[in-house]
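Engineer: any chance you could fold what I've pasted below:
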Amino acid sequence: MSLSDERVRSLDLEAPRNPLLERAYLILQYTHDSARALLEALRKVREERRAGRGALTDEEQDLLRAMLVMAASGLDAMTKEILRSVLPPLCKKDEEVKSSFQKFVERKLKGDGREKFLSLILTAENVQESLIEQYVDELTGNSLQSVDALYKAVNALGLFEVFDQENVRSDDLQRVFRERNRIVHELDIDFTAPRRNRRSRRIGHTIQDTNRLLMVAERIYKKCKEKLEELEDTQ
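Structural biologist: Below you'll find the model as predicted:
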């Protein structure tokens, strides 16, 4: 597929009116800008060598890989920022989020480390704040670059309609994360390949996968923005 046939999607959101989302919005904006810049760099390199529809060089493949990795990293970073900034107030005001928070506390009280957990909260100056802080730490402590981890994060935020619609089905997303992991953890190496020792990425497919990640990030941000605005309107 020609580089002119598809583009990295543009950011289709307005800046937030709630300051709690300002950093998340900036991360989302930077992610879009970086993905588009990498695709543009690939386009310029190929134009300079007059590649036309020919195969990508190893260096050009790396630009394509970097675009996908950047989108996945942005999704991870933005979601974690939302968990850190938005989840604490939602734990106090939103009933769905409160329910998930209470289940976390119940699970910790029944778990193997309950003695340490109890000692931490009983010696805290503010018990509720300490519990919320531990809840956020658990949700942000590991990578969110898998469907299961991302599900856990969005469910904690009370966002239950992020997946399985508009090209972000969970099985498609799981495949995209698998491709990302092959790049990051395996360097896309495949010694069984007959010609090259690294997997060749297709331009169109990689752009589509990048857009899937960006779409999920936008949807998480948008749903969270709507939830905050609803809470503000009811106060």
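
Engineer: least trustworthy helix or strand in the protein by mean pLDDT?
Structural biologist: The weakest-scoring helix or strand in the chain, judged by mean pLDDT, DSSP states H and E, is helix 114-122 (a mean of 88).

Engineer: buried residues, that helix. List them.
Structural biologist: For helix 114-122, burial by neighbour count (16 or more other Cβ atoms under 10 Å) applies to F117, L120, I121. (C-beta placed from N, C-alpha, C; glycine too.)

Engineer: packing partners of it?
Structural biologist: helix 95-110, helix 127-140 (3 or more Cβ pairs under 8 Å, 6 or more residues apart in numbering; DSSP states H and E).

Engineer: now those helices as TSV including distance to K227, mean neighbour count and mean pLDDT?
Structural biologist: Compiled in TSV, the helices and strands packed on helix 114-122 are given as follows (distance: least, Cβ to Cβ, whole Å; neighbours: other Cβ atoms under 10 Å; pLDDT from 0 to 100):
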stretch	distance to K227	mean neighbour count	mean pLDDT
helix 95-110	9	14	93
helix 127-140	16	17	94
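
Engineer: among those helices, which is nearest H32?
Structural biologist: helix 127-140 (22.1 Å; Cβ to Cβ).

Engineer: quick one on the thing from earlier: out of the buried residues of helix 114-122, who's nearest A193?
Structural biologist: Checking the buried residues of helix 114-122 against A193 with Cβ to Cβ, the nearest one is F117 at 49.1 Å.

Engineer: skipping its backbone neighbours, what lies nearest that closest one in space?
Structural biologist: Using Cβ to Cβ, 6 or more residues apart in numbering and skipping residues adjacent in sequence, the residue nearest F117 is K108, 4.8 Å away.

Engineer: with R84 instead?
Structural biologist: Here the residue nearest R84, using Cβ to Cβ, 6+ apart, is V136, at 5.8 Å.

Engineer: hmm, that neighbour is touching P88, no?
Structural biologist: Yes. With contact defined as Cβ atoms under 8 Å, V136 reaches P88; the gap is 6.8 Å.

Engineer: follow-up on the earlier one: residue contacts, the residue nearest to F117?
Structural biologist: R114, F117, Q134 (Cβ atoms under 8 Å, 6 or more residues apart in numbering).

Engineer: look at A193 and give its secondary structure.
Structural biologist: Put simply, A193 is coil when judged by DSSP: H, G, I helix; E, B strand; the rest coil.

Engineer: look up how far R199 lies from it.
Structural biologist: 7 Å (Cβ to Cβ, to the nearest Å).

Engineer: likewise T140?
Structural biologist: Distance, T140 to R199, using Cβ to Cβ: 31 Å.

Engineer: now swap in E59 and tell me
Structural biologist: 15 Å.
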